[in-house]
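[1] Coordinates only, no sequence provided:
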Ligand SMILES: Nc1ncnc2c1ncn2[C@@H]1O[C@H](COP(=O)(O)OP(=O)(O)OP(=O)(O)O)[C@@H](O)[C@H]1O
């Protein structure tokens, strides 16, 4: 059957498209693209402006631009690793092109005299400008290539999937865009003057000529997504009222023992939140509570107290972390605290072999294991509990309301649903929390443990890197440890990891007496764990990392944090990163390295970081600073998992969204399912379309 004649073509699996086999389908699935329709909702990460060629003399750091020129010299250099450098001259100035990997054919063809057109991001390298791994193609002097006359979308992608292939598939899906049903009530479309759905999607994927980056805005899609989220929250709340959970009335003798053994006393805020949780657990309806606490406020201890309450009542607990790194860390902490109490912690990791896992899984099924710690590997079919009473989800923002519901479903035993506790370090204003997590009750740990010395924060121009490196040398000499977070805000994880590798190489050279370690997203779980363990033990003194360490990592001896390209991060992410230090009693500092010149908002963000260490204050400033259309280019913490909408940025829509939700339920109940399918049924993984999220 041809594509066109199929009535429900958009609902077909992607393999229905020409040229999509199982291997490609698997890659697409990693991006959350399962059906043809999902391609239409896979929105650009950002747009590249390839509509004009920039003179090299006018380039600014951070720009993504097209340049054209002649190669005047090419060299192979050895800086820890072999690199190819080409120098491109366009008459106005000279730009270096840097290749970390290259073939001998490339070395030959990128030779002096060759004319190139390159597209890439401009970066600072010493006093010069460069592009690392630009896209390039050869030009002929007498036959200049035309340049694009419109914006080019760049899509979030995954290893081994080229932009070009994605674009081709999206184009195929666009041929059917008119078949998508409009799911918004007519009255809403009219009132807000939304364009037809197909029109908005076409514009976003294939901007008409003359479009500007600022003009790209998916208003209608944002509204739809917020509406879907709202419907899901309402439904979750409604469903919860209908079901039951085990009531856990016994007193928590384990906690009494642990508290005596702890080297510190819980803060008043921790005690208050623990008693709120205990009260919930004694009821015969499922607890569904969100605990917010600033970085370092001691959420883990609260989670442990809750877990012990369930265990003291004869139930098991699942503690789910967003990354293997954090799961491992929780496992270590829990074992340390709970083993002496005779409470058995079991670590379930995606990386374990079936044989390693079998014993652990058996223990859970037999009830010998009391707490299972892991990532969402915990909720695979093979893991079963004898009596699961409580699910704890750490770092909320990676899980959406839908995933919370499906977890609860999986933990169901007989008529009983497990209790659920959600922990998040992202302070968001209470009113917003009520909308974002409307299906949850809400507690705040609004106090830090005593004895912490405040973190000093400074912002430094990248040119002062050498001073910073000196500072690391000093800190390490005094027995302290440091983080160096380097990032490129890139759709390509490969490039991110390469940058981290290059930085680690450079720092090793510059700091020969310092033990430097490197973690990034592409290392295997066990490699990451082993490096983190060495860092924890002090065997590694300086840890170079990508943002994998953003959430939760706890190494109290680390007291110096360097964040590169700090101007590109959102405030909440900076706050999270900085929160990795200041966790012990030594005075800590955080250095925000930025590329000159700083934009106005970026400057305000860095100022906010210098002036406050309070997550709630920072969240407020974040809100103020986020003007519509401002591109941060990073995933925004503080949001539940939405693909394009941002609860913070788009909160002005919320009253209208709530009204629309009521209208849909009353007049078009059949659309709820279709909206859910369109927006919420995503597999796990990062699918946020960052451009529109910012
Ligand atoms: N009441 C307390 N007094 C002193 N230290 C505490 C107290 N509670 C927890 N801690 C310690 O403070 C550190 C931070 O705690 P924890 O890792 O639970 O923070 P968190 O709230 O999860 O922070 P983050 O969100 O940054 O991960 C840990 O080393 C923990 O042992």
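    Alright, I've got the coordinates. Please read all numbers here as calculations on a predicted model, not as lab measurements.
[2] Kindly confirm my reading that residue 71 is in a strand.
    Yes: the assignment for residue 71 (DSSP: H, G, I helix; E, B strand; the rest coil) places it in a strand.
[3] Return the residues in contact with it.
    By CB atoms under 8 Å, 6 or more residues apart in numbering, residue 71 lies in contact with 86-89, 110-116. Heads up, the C-betas are built off the backbone N, CA and C, glycines and all.
[4] Is it possible to get CSV of the residues you listed that adds distance to the ligand, pLDDT and secondary structure?
    Listed next are the contacts of residue 71 as CSV, based on distance: CB to the nearest ligand atom, whole Å; pLDDT from 0 to 100; DSSP: H, G, I helix; E, B strand; the rest coil:
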residue, distance to the ligand, pLDDT, secondary structure
86, 44, 96, strand
87, 45, 96, strand
88, 44, 96, strand
89, 49, 96, strand
110, 46, 93, coil
111, 51, 94, coil
112, 52, 95, coil
113, 55, 94, coil
114, 51, 94, coil
115, 52, 93, strand
116, 46, 94, strand
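[5] Now name the helix or strand holding the closest residue in space to residue 642 that isn't next to it in sequence.
    Distance criterion CB to CB, 6 or more residues apart in numbering; nearest residue to residue 642, sequence neighbours excluded, is residue 225 at 5.8 Å. According to DSSP states H and E, residue 225 maps onto helix 219-242.
[6] Between the two ends of stretch 586-602, how far is it?
    Stretch 586-602 has an end-to-end distance of 29 Å (CA to CA, to the nearest Å).
[7] Tell me how far the residue located most distally from the centre of the chain lies from the ligand.
    Residue distances from the centre of the chain (CA atoms, centre = their mean) peak at residue 142, which lies 47.0 Å from the mean C-alpha position. Separation of residue 142 from the ligand (CB to the nearest ligand atom, to the nearest Å) stands at 61 Å.
[8] Tell me the spacing between residue 607 and residue 591.
    15 Å (CB to CB, to the nearest Å).
[9] Next: residue 555.
    Residue 555 is 17 Å from residue 591, where distance means CB to CB.
[10] Among those two, which residue is more densely surrounded?
    Higher neighbour count among residue 555 and residue 591: residue 591, with 24 against 21, using other CB atoms under 10 Å.
[11] Determine if any part of the strand or helix carrying the more buried one is in contact with the ligand.
    Per DSSP H and E, residue 591 falls inside strand 589-594. No: in terms of CB under 6 Å from any ligand atom, no part of strand 589-594 sits within range of the ligand; the closest distance is 13.6 Å.
[12] how about the residues of the stretch 351-500 of the chain near the ligand?
    Taking CB under 6 Å from any ligand atom as the contact definition, the stretch 351-500 of the chain meets the ligand at 425, 449.
[13] In the stretch 351-500 of the chain, where is pLDDT below threshold?
    The stretch 351-500 of the chain contains residues with pLDDT under 70 at 381, 396-403, 427-436, 439, 487-498.
[14] run the last query once more with 50
    Residue ranges of the stretch 351-500 of the chain with pLDDT under 50: 489-491.
[15] May I see the buried residues of stretch 44-64?
    By neighbour count on 16 or more other CB atoms under 10 Å, the buried set for stretch 44-64 is 44-51, 53-54, 56, 59, 61-62, 64.
[16] just stretch 96-114 next, same as before
    Quick answer for stretch 96-114 (16+ other CB under 10 Å): 96-99, 102, 110, 114.
[17] Tell me the one of the residues you listed nearest the ligand?
    Set against the ligand, the nearest of those by CB to the nearest ligand atom is residue 98 (35.7 Å).
[18] Could you point out the bridge partners of the closest one in the sheet?
    Residues in a beta bridge with residue 98, per DSSP bridges, are residue 85, residue 132.
[19] Quick check: end-to-end length of stretch 291-307?
    End-to-end span of stretch 291-307 (CA to CA): 14 Å.
[20] Is any residue of it near the ligand?
    Yes: legend: contact between stretch 291-307 and the ligand by CB under 6 Å from any ligand atom is shown at 293, 295-301.
[21] Quick one: low-confidence residue ranges for the stretch 551-694 of the chain.
    Ranges of the stretch 551-694 of the chain meeting pLDDT under 50: 627-640, 683-694.
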